[in-house]
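# Here is my input; please provide its structure:
(chains A, B, C and D, ligands or ions: 2)
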Amino acid sequence: MSVTEKIAIDHGLKKNEFKEICNLLKRTPNITELGLFSAMWNEHCSYKSSKIHLKKLPTTGKKVIQGPGENAGVVDIEDNDAIVFKIESHNHPSFIEPYQGAATGVGGIMRDVFTMGARPIANLNSIHFGSTQNKKTKNLLRGVVNGIGGYGNCIGIPTIGGQTTFDESYNGNILVNAMTIGLVKKDKIFYSKATGINKPVIYVGSKTGRDGIHGASMASNVFDDQIEEKKPTVQVGDPFTEKLLLEACLELMTDDSIISIQDMGAAGLTSSSIEMASKGKLGIELNLDKVPCRESNMTPYEIMLSESQERMLIVLENGKEEKAKKIFEKWNLDFAVIGKTTNSKKIEIYFNGIKNAEVPIEFLSDKSPEYDRKWKKIKLPNKNKINKDLYKNLKILDVLKKILSSPNVCSKEWIWEQYDHTVMGDTIQKPGGDAGVVRVHGTNKAVAAAVDSSANYCFAHPLTGGKQIVCESWRNMISVGAKPLAITNCLNFGNPEKEKNMGEFVECLTGISEACKYLNYPVVSGNVSFYNETKDKGIKPTPTIGGIGFLKDYKKMTSMSLKKNDNIVLVVGKTEGHIDQSIFATEILNEKKGPPPEINLFNEKNNGETVLSLINEGYVKSVHDVSVGGLLVAVTQMCLAGNIGIKINKPKGLVNFFEYFFGEDQGRYLIEIEKNDINKVKSVLQKNSVYFSEFGTTQEKNVVLKDEINVTIDELMKINKTWLNNYMDN
Amino acid sequence: MNSSVIVFPGSNCDRDIAIALRKFGFKNKMIWHEDVELPKSDLVVLPGGFSYGDYLRCGSMASKSKIIQSVIKFANSGGLLMGICNGFQILTETSLLPGVLLRNKFSKFICKNVFVKINNIENNYFKNIKKNVLNLHIAHNEGNYFCSGEQMKEMQENNQIALLYCDEKGEVNEKYNPNGSSKNIAGIFSRKKNILGMMPHPERMIEKYLSGEDGSLFFENLLNNLK
Amino acid sequence: MKIAVIVTLKKDVLDPQGTTIKKTLEGMSFNNINNIRQGKYFEIDIDEKNKKKAEEKVNEMCKKLLANLVIEDYKVVKPE
Amino acid sequence: MKIAVIVTLKKDVLDPQGTTIKKTLEGMSFNNINNIRQGKYFEIDIDEKNKKKAEEKVNEMCKKLLANLVIEDYKVVKPE
Ligand SMILES: Nc1ncnc2c1ncn2[C@@H]1O[C@H](COP(=O)(O)OP(=O)(O)O)[C@@H](O)[C@H]1O
Ligand SMILES: [Mg+2]
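Ligands and ions are numbered 1, 2, ... in the order given. Sure thing, here's the model as predicted:
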């Protein structure tokens, strides 16, 4: 078949891109070669719209061992231990086949982590669905949760945290972002860069089938009416094989047989082989007759582009083939020598004994397009002048109850109870808290992790929103007593070819970047997902931050459950009553205008560091950061977690109660302090110029605010826990 | 005391149980499913996880593995054999224990703490145990115990019911049944009480920093009984 | 030769999956469903030209692995 | 009226269960198996006397829930 411009366009390439390919090659590519280009030049693999902006992110730091550019980022956690972690999106496939889409998302990100020699020790996920009124939402949610659980539970990695939101902007494009954290010895990290020529290239794992051909290009396109036809690109996951692959790879990694290793993710054999060669500035020769195939008669094009799951590509040291083969055979996995490294700087593909394709590696990687797309600046909206009369008919307790049972605030236990969160015996903070925490096996150390995003804030003002999510992630680390270390980010946006969307992207990224720099919270890995758009309707900008924190001594971990009666609860940070974009404004008043709460990075850092030092001194009995819903929701969550009540002080001065209790000002924490320690704690806060006030005193039962609230923990618990159960089980 | 933990492809609580056994004083060996011989053991454990991916039926394929013949021989000669979660499923699939573990009642995987009442203490597992209600952790998709009426009758007559889902105080009631098990059954014995199959994971509850500590109670007591 | 097998739960065995599916369908406004039971279907391609022999083999597979006769029945059928 | 449905994975779609079952059967010395694919079988008892109408309804259930046409095919059959 000779390749025409039309065929190239059907492959998702643009006219000028096809022309450029012909220019580079000085001829028309054949169909296999076109396949290689379409896979490597699409948005998903080439980052052509995002590359120039991603460069802004701070990616280095004292603890950073490996920043972006490898399968996952790596940070140092002392004593020759390191943490490998990354987040990745699987949005498009999950909308089409929620179970398999989510499952293979989890499988893919775990491979990215164990490719580097790390044993996965925790999973997290950030999932976003359309309105709860939307007909599809329930089945999508059920499918995604089953898929995430089905895969992670089977492999035996605890899922320790996540985030779930509902918003109608996801009606036609759900988001499924999966994150994995792994543990590795610092001197045993494996990289994807190939070195040396004439080294055997090994294929291991499952056989190659016709599944998922063009998955990467699907992730680089908007959905349209023909979505049904795109369906065959969904892969099926096999967690059992992944578990075997994990064990086999880790077994092979105990010595130095491996020169370079790369999972076959998006664009399968194509991107893995090209990345290895490109990083090593080498060439690679592949003999596709040797590739283990599931179906007969697969063409080179199909073999190169298949996205069959649970496969790895390895460059071995000469002479290690037999040893490696034995290990993979023991685990019942396919093993084949399918090629070798060369010094040609080309990828050369043989099939049926004949050369089928030949392209300089550089054309596929370094020469891939890079665009500086037009983007539009988004102004900070004016403050929404909400008519205070609207408050008059409201009762504080009713508002609290309504927020506690709203889809975005209610307990997500229905979801995380379906994830095995305790397997591996090191989970010391389960889902439901500010961050999940797992111990570093056999040591006193522990790692905290959380995923955060705030699409409403990012939509209202991307720059502020971008800062906010980093700060929220940072606060979540502090709240469990962990020192924030580094982040990974998954940037979910609409169509980058539209100026507005591109503007959202650029400014969110600027915000993320500023906050990360200020807080010394570098970005070590990440992923971009554009084209989350169906029939011209795009999602709200939804960058997701996956944060990692470190505890030297896990016994000092804190949680948000109140511990005992008659302790003082302090609010750290200033409460001004910012209502615009709060859940109170959007859900209760139905007011959607106005700016998100402002971020003050100085206060953020100062408040956080001071709280962390108080935690490390042992003064803080429990702690929770104040986020969506404001103070009253935050304190209720502490009460529910600890099954202890509180008597709340009336705020002093002429403040409006609704604004005080439901405003979403940033940089705040609630901390529980014993009366004996209160003076000491206050003096530390004062010395550090941290604003604080006394919020209330814990008591045996009931949440009480004089004249306004007197309600039992049980009642609030029920309201908070049943909404999702009822929604899903009825 | 010597224990052996059998490792199948897809087992994933094998490390957890080995750690628990060692913590409480067992010498433990990990035995690969393709081995034929079982080393001399005072206790053999079939661990939790997803042997063979839980494909077909949970435990079905593990029950055909090479090592299983030796395990059956060991049990038939009176050796202590314990199956936890997937291990319990393997025990029913090999017919060493009666009945079967079906899909949970609401077709959902469940991971949480539950209370179980110890129903029979005249055996090596629970003799002398200090509590009669334990707070343990479950994590399974197929823990819904089912057997025929006849089998149930026989089990009751032989006092083979080991653990029952209950509340904090030991009240056994359908309300506290997390998965739809017949009669709230969380664990059962063989006729001779040397084989124990149970859904809860005591190995996940061996430190106060984990989900709880009642697992420690179980293992300490087990070791003392074997001494 | 291709042979198929249908494995179903015995009548008196509870079928939680079937029940859940029924509930979900009802939630999607399919009414008038009395009952749904879920079973398994296998298609076995076996290198054996003699139909009787092939079926015998498959029968044995069912007894030894594919069905758990404590709770399940099986039936060898023509592949669809 | 009882109606049955067989749901099978499309030809090119990976069937991890089938593959694992095949390996296990081989380990049990069943030889000569070329391939095993696992599918689902549903028996739906529906309150509808008109066969055509009942089948129509079941067809719709399949499309909307029982089968995911992305990776599966289904067929309405006579119950066994
Ligand atoms: N938003 C981002 N921020 C930082 N690094 C990113 C971002 N997106 C992608 N990267 C980095 O670019 C590299 C390629 O990413 P990706 O294509 O998602 O990896 P993979 O090929 O493993 O799927 C990775 O090292 C990743 O960490
Ligand atoms: Mg990768």
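# ok, which stretches of chain B are helices?
Here chain B has its helices, by DSSP state H, at B:14-23, B:68-76, B:86-93, B:149-157, B:214-226.
# what does the average pLDDT come to for the first one?
This points to helix B:14-23. The average pLDDT for helix B:14-23 rounds to 97.
# again with the last one
For helix B:214-226, the mean per-residue pLDDT is 96.
# tell me the contacts of B:G197?
Shown in contact with B:G197 (CB atoms under 8 Å, 6 or more residues apart in numbering or on different chains): B:M82, B:G83, B:G87, B:F88, B:L91, B:T92, B:L97, B:G187, B:I188. The C-beta positions use only the backbone N, C-alpha and C, and glycine is treated the same way.
# Surely B:E220 and B:F26 touch.
No - applying CB atoms under 8 Å, one finds B:E220 not in contact with B:F26, separated by 11.1 Å.
# for A:E348, helix, strand, or coil?
Following DSSP: H, G, I helix; E, B strand; the rest coil, the label given to A:E348 is strand.
# most tightly surrounded among the helices of chain B?
The highest mean neighbour count among the helices of chain B, using mean count of other CB atoms under 10 Å in any protein chain shown, belongs to helix B:86-93: a mean of 29.
# That helix to helix B:14-23, inter-axis angle?
100 degrees (axes from the mean of the first three to the mean of the last three CA atoms, to 10 degrees).
# Helix B:86-93 vs chain C: in contact?
Yes - with CB under 8 Å from any CB of the partner chain as the criterion, chain C is reached by helix B:86-93 at B:E93.
# quick one, strands of chain B?
For chain B, strands defined by DSSP state E occupy the ranges B:2-7, B:27-32, B:43-46, B:80-84, B:100-102, B:110-118, B:133-140, B:144-146, B:161-166, B:185-189, B:195-198.
# can I get those strands in JSON lines with mean pLDDT?
Listed next are the strands of chain B as JSON lines, based on pLDDT from 0 to 100:
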{"stretch": "strand B:2-7", "mean pLDDT": "98"}
{"stretch": "strand B:27-32", "mean pLDDT": "97"}
{"stretch": "strand B:43-46", "mean pLDDT": "98"}
{"stretch": "strand B:80-84", "mean pLDDT": "98"}
{"stretch": "strand B:100-102", "mean pLDDT": "95"}
{"stretch": "strand B:110-118", "mean pLDDT": "98"}
{"stretch": "strand B:133-140", "mean pLDDT": "98"}
{"stretch": "strand B:144-146", "mean pLDDT": "96"}
{"stretch": "strand B:161-166", "mean pLDDT": "98"}
{"stretch": "strand B:185-189", "mean pLDDT": "98"}
{"stretch": "strand B:195-198", "mean pLDDT": "98"}
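# Same list (the ones you listed) but as a markdown table, adding distance to ligand 2.
Below are these laid out as a markdown table (distance: least, CB to the ion, whole Å):
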| stretch | distance to ligand 2 |
| --- | --- |
| strand B:2-7 | 29 |
| strand B:27-32 | 31 |
| strand B:43-46 | 35 |
| strand B:80-84 | 35 |
| strand B:100-102 | 37 |
| strand B:110-118 | 29 |
| strand B:133-140 | 29 |
| strand B:144-146 | 39 |
| strand B:161-166 | 43 |
| strand B:185-189 | 42 |
| strand B:195-198 | 40 |
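# Distance to ligand 1 added to those, as CSV?
Shown next, in CSV, are the strands of chain B (distance: least, CB to the nearest ligand atom, whole Å):
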stretch, distance to ligand 1
strand B:2-7, 30
strand B:27-32, 32
strand B:43-46, 37
strand B:80-84, 36
strand B:100-102, 38
strand B:110-118, 29
strand B:133-140, 30
strand B:144-146, 39
strand B:161-166, 43
strand B:185-189, 42
strand B:195-198, 41
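# ok, for the residue in chain C that chain B sits nearest to, nearest residue in space, not its chain neighbours?
As assessed by CB to the nearest CB, chain B sits closest to C:T20 within chain C, at 4.0 Å. What sits nearest to C:T20 in space, not counting adjacent residues and going by CB to CB, 6 or more residues apart in numbering or on different chains, is B:S107, at 4.0 Å.
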